[in-house]
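Asks: have a look; sequence and predicted model below, questions after that.
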Amino acid sequence: QVQLVESGGGSVQAGGSLRLSCAASGRTFSSYVMGWFRQAPGKEREFVAAVSRSSGITYYTDSVKGRFTISRDNAKNTVYLQMNSLKPEDTAVYYCAALITTNIVYVSRRASEYYYWGQGTQVTVSS
């Protein structure tokens, strides 16, 4: 059983930055691919970014490339999402999620592959 707790959300103006954190319980954090997803009001949940178990591989949706950076610290059981140059369209509830795999270079954008989910943190970007 893994519990994921997000933090770092808030309200910022367009062009600003936020850093989301997701702390995981348990001693097997390095066994999980970690991903960030978001869901805006009235829209389906969408993939944002993912990082492989060893941090060697990262994967971003096109709309955040060059602005967001995903990283992880396996010693701290934490994954981060640094969000820069925020836009109003980035407004959403952001969720972290964990995918179990033995492949140290695997990443995925498919929500159905992620087994554990956090409760979400709200990010609001005003124009």
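Replies: Here it is on my side, so go on. Numbering: from 1, shown residues only.

Asks: and the helices in the chain?
Replies: In the chain, no segments count as helices under DSSP state H.

Asks: show me what contacts the spatially most central residue of the chain?
Replies: When the chain is reduced to its mean C-alpha position, the closest residue under C-alpha atoms, centre = their mean turns out to be Trp36, at 2.2 Å. Residues near Trp36 by C-beta atoms under 8 Å, 6 or more residues apart in numbering: Leu20, Cys22, Val48, Ala49, Ala50, Ile70, Val79, Leu81, Tyr94, Tyr95, Cys96, Ala97. Yep, even glycine has a C-beta here, placed from its N, CA and C like the rest.

Asks: Produce a ChimeraX select command limited to the buried residues of these.
Replies: The ChimeraX selection below is limited to those of the contacts of Trp36 classed as buried (16 or more other C-beta atoms under 10 Å):
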select :20,22,48,49,50,70,79,81,94,95,96,97
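
Asks: so which of the contacts of Trp36 sit within strands?
Replies: Among those, the members found in strands (DSSP state E) are Leu20, Cys22, Val48, Ala49, Ala50, Ile70, Val79, Leu81, Tyr94, Tyr95, Cys96, Ala97.

Asks: need the contact list for the closest residue to the second one other than its chain neighbours.
Replies: Distances taken as C-beta to C-beta, 6 or more residues apart in numbering place Cys96 nearest to Cys22, at 3.4 Å, with adjacent residues excluded. By C-beta under 8 Å, 6+ apart, the contact list for Cys96 reads Leu4, Glu6, Leu20, Cys22, Met34, Gly35, Trp36, Phe37, Val79, Leu81, Trp117, Gly118.

Asks: count the residues that sit near Ser52.
Replies: Residues near Ser52, counting by other C-beta atoms under 10 Å, number 21.

Asks: do I have it right that it meets Ser31?
Replies: No: Ser52 is beyond contact range of Ser31, at 11.3 Å (criterion: C-beta atoms under 8 Å).

Asks: and the residue nearest to Cys22, bridged to which residues?
Replies: Trp36 (DSSP bridges).
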